[in-house]
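[1] Give the three-dimensional model of this entry:
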Amino acid sequence: MKLSFEISFGNRKRRAYEAADKSRRGKAFRNAKSTGVNNEVAGALVTLRDRSRHMARNNGWARRAIEAITKHTIDEGIQPAPDADLETIKRVKKIWTSWAGKTACDWYGKTTFYGLQELAMRSIAEGGDVLILRRWVMPDQDNPLPLKLQIIEGDQLDHTRNGYNEYGYCRLGVQFDNDGRLIGYWIYEYHPGDSYIFATAIQSKYFPKEDVLHAFEVLRPGQVRGLPFGVSAFMKQSDFSDYEDAQLVKQKVAACFAAFVLGSDDMGLDNDNEDGQKGIERLQPGIIEHLGSSETVEFANPPSVTDYDAYAARILQGVAAAYGITYEMLTMDYSKVNFTSGRMAKIDVTANFKSWQYNMIVPQICAPVWDWFVKACIIKGELTGYIPADWTAPRIQQLDPVRETDAQVKRIQSGLATISETLREMGREPEEFFTEYKQDMDRLQELGITIESVTLPSTKNDTNG
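    Sure thing, here's the model as predicted:
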């Protein structure tokens, strides 16, 4: 009976989750706690943000990762497609271009709305989150609308504001009412890191949510602040950077000694350094050190760096995975990529870019800015009512235009995609495309030119040539 109990107990033990083991094997998980997302963010936000920016300034791999994420997510800009009749679309897009397509929309007057998209994405990837404030202004000859956008870093969102207050309760500078609905933000008027501006400590001010856009990647339900991208690789990047420096110093020191002269008991006493002391105190390439008067020569054999490329590639693969991009995108090394592997990597990483575009930038920045824009147009008298808009991200560059275009054509012919959908994926606005295409066809017909007559002469020339 006793034996039966032990066997049963042993079976139950073997069926337990090994990943939940709390003995010596599980010591690596000693910091795994059941903490809420905002508790975790509160304890790490400032440190991770500072370290991320430090690496972006001093670590080439971190800088490249941030750059790749930003450029591939925004590219030429995520553009609106107004949903209205053709004449209204033309009028709205003309106003939009004169405002968003120029520096008129920027509070600081430095970039267009698409430049603000890129700056916002860079701030999110590097610092965790970004804020855009709505500023009402008087229209002038440079700005057709009473609206400007002020983009600021997440540092200006007061993370020290926590607990209950007269509005409800606050968490990391984000204000909620008593029912848990977002109603506003506590924002510093200036960057708290620019402390030289102020004679006394600054206080954050309350801004209603209607005048603020707060964008970040939401990874857990209830999360109120964002964290920099790639945090899971920060320690690996730092250690790898130290490793690279150590290897470089190792080779530099090894190269300093070219040969050693042996065989005397004088130990280099005839060699004075610049200060009149015996021996040498500094290293430089090509040194030959005399060790005595009865001398023989042995040439140095500097240590070599073995398996460096394989080791570095493995580390950088992990860094790229932490940032959500490919190894080739991080290192810009495409020497081992063929069409199939490149296509698979592109499909894999495109999902990340699409998620950042349509689950973060569009709903948190683009769509609200469009609402502000339409409201400003109504206030100015340019529009009489609200006009919705869809947003189209730039198309992903094709690896093989012939194959991929053929695949798009077959999708349309088989009914799996519409022409308008495909055009939007390519970054074109369908109505504009169809209008332009009809104009071209009418013009060609008027001149007696067909598509075949345009292409056939070049074919004949190629054949004759």
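[2] which residues are in contact with the helix or strand that residue 423 is a member of?
    Using DSSP states H and E, residue 423 maps to helix 419-425. Residues from elsewhere that reach helix 419-425 (Cβ atoms under 8 Å, 6 or more residues apart in numbering): 81, 390, 392, 395, 408, 411, 412, 429, 430, 433. Just so you know, the C-beta spots here come from the backbone N, C-alpha and C atoms, and that holds for glycine as well.
[3] Out of the residues you listed, who's the most crowded?
    residue 392 (22 neighbours; other Cβ atoms under 10 Å).
[4] ok so, going back, from the contacts of helix 419-425, which ones fall inside strands?
    The strands, defined by DSSP state E, take in 81, 390, 392 from the contacts of helix 419-425.
[5] Residue 83 is in contact with the second one, correct?
    Put plainly, it is residue 390. Yes - if you go by Cβ atoms under 8 Å, residue 390 and residue 83 touch, sitting 6.5 Å apart.
[6] Now name the helix or strand holding the spatially most central residue of the chain.
    Against the mean C-alpha coordinate of the chain, by Cα atoms, centre = their mean, the closest residue is residue 69 at 3.3 Å. For residue 69, the host element (DSSP H and E) is helix 60-74.
[7] Quick one: list the elements packing against that helix.
    Contacts defined by 3 or more Cβ pairs under 8 Å, 6 or more residues apart in numbering; DSSP states H and E place helix 60-74 against helix 37-58, helix 113-127, helix 234-256, helix 308-323, helix 327-331, helix 339-356.
[8] Now tabulate these in a markdown table and tack on mean pLDDT.
    Shown next, in a markdown table, are the helices and strands packed on helix 60-74 (pLDDT from 0 to 100):
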| stretch | mean pLDDT |
| --- | --- |
| helix 37-58 | 93 |
| helix 113-127 | 97 |
| helix 234-256 | 81 |
| helix 308-323 | 89 |
| helix 327-331 | 90 |
| helix 339-356 | 82 |
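[9] Tabulate those (CSV), appending distance to residue 152.
    Shown next, in CSV, are the helices and strands packed on helix 60-74 (distance: least, Cβ to Cβ, whole Å):
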stretch, distance to residue 152
helix 37-58, 14
helix 113-127, 9
helix 234-256, 24
helix 308-323, 24
helix 327-331, 29
helix 339-356, 20
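[10] Could you identify which of the ones you listed is most buried?
    Comparing the helices and strands packed on helix 60-74 by mean neighbour count (mean count of other Cβ atoms under 10 Å), helix 113-127 ranks first with a mean of 23.
[11] okay, the angle between that helix and helix 37-58?
    For helix 113-127 against helix 37-58, the angle by axes from the mean of the first three to the mean of the last three Cα atoms, to 10 degrees is 100 degrees.
[12] Can you point out the buried residues in the next helix or strand after helix 113-127?
    Using DSSP H and E, the next helix or strand after helix 113-127 towards the C-terminus is strand 129-136. Within strand 129-136, the residues scored as buried using 16 or more other Cβ atoms under 10 Å are 129, 130, 131, 132, 133, 134.
[13] And strand 129-136, what does it pack against?
    Using 3+ Cβ pairs under 8 Å, 6+ apart: strand 129-136 touches helix 113-127, strand 147-153, strand 182-187, strand 212-216.
[14] May I have the third one as CSV, with CA atoms only?
    Meaning strand 182-187. Only the C-alpha atoms of strand 182-187 are listed here, as CSV (Å, rounded to 0.1, in the frame of the first residue of the first chain):
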residue,chain,number,x,y,z
LEU,A,182,-9.6,58.3,-19.8
ILE,A,183,-10.3,62.1,-19.4
GLY,A,184,-6.9,63.8,-19.6
TYR,A,185,-3.2,64.1,-18.9
TRP,A,186,-0.8,65.9,-16.6
ILE,A,187,1.9,67.5,-18.7
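[15] Now do it against strand 212-216, angle only.
    90 degrees.
[16] Now do the buried residues in strand 182-187.
    For strand 182-187, by 16+ other Cβ under 10 Å, it's 184, 185, 186, 187.
[17] Just list whatever residues bridge to the last one.
    Translated: residue 187. Taking DSSP bridges, one finds residue 157, residue 205 as the beta-bridge partners of residue 187.
[18] from memory it sits against residue 212, does it?
    Yes - between residue 187 and residue 212 a contact is recorded at 7.3 Å, counting by Cβ under 8 Å.
[19] what's the overlap in contacts for those two?
    131, 133.
[20] how close does residue 405 sit to residue 411?
    11 Å (Cβ to Cβ, to the nearest Å).
[21] Pull the number of nearby residues for residue 358.
    Close neighbours of residue 358, defined as other Cβ under 10 Å, add up to 15.
[22] which non-adjacent residue is nearest it?
    residue 393 (7.1 Å; Cβ to Cβ, 6 or more residues apart in numbering).
[23] Dihedrals phi and psi, the one you found?
    phi -80, psi 150 (degrees, to the nearest 10).
[24] Output the below-cut-off pLDDT ranges for the stretch 251-400 of the chain.
    254-306, 339, 396-400 (pLDDT under 70).
[25] I misspoke; the intended subject was the stretch 1-150 of the chain.
    In the stretch 1-150 of the chain, residues with pLDDT under 70: 1-15.
[26] Would you map out the domains in the chain?
    The chain breaks down into these domains under automatic domain parsing: 37-229, 234-320.
[27] Tabulate these (TSV), appending distance to residue 351.
    Putting those into TSV (distance: least, Cβ to Cβ, whole Å) gives the following:
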stretch	distance to residue 351
domain 37-229	12
domain 234-320	15
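[28] Cool, thanks, signing off.
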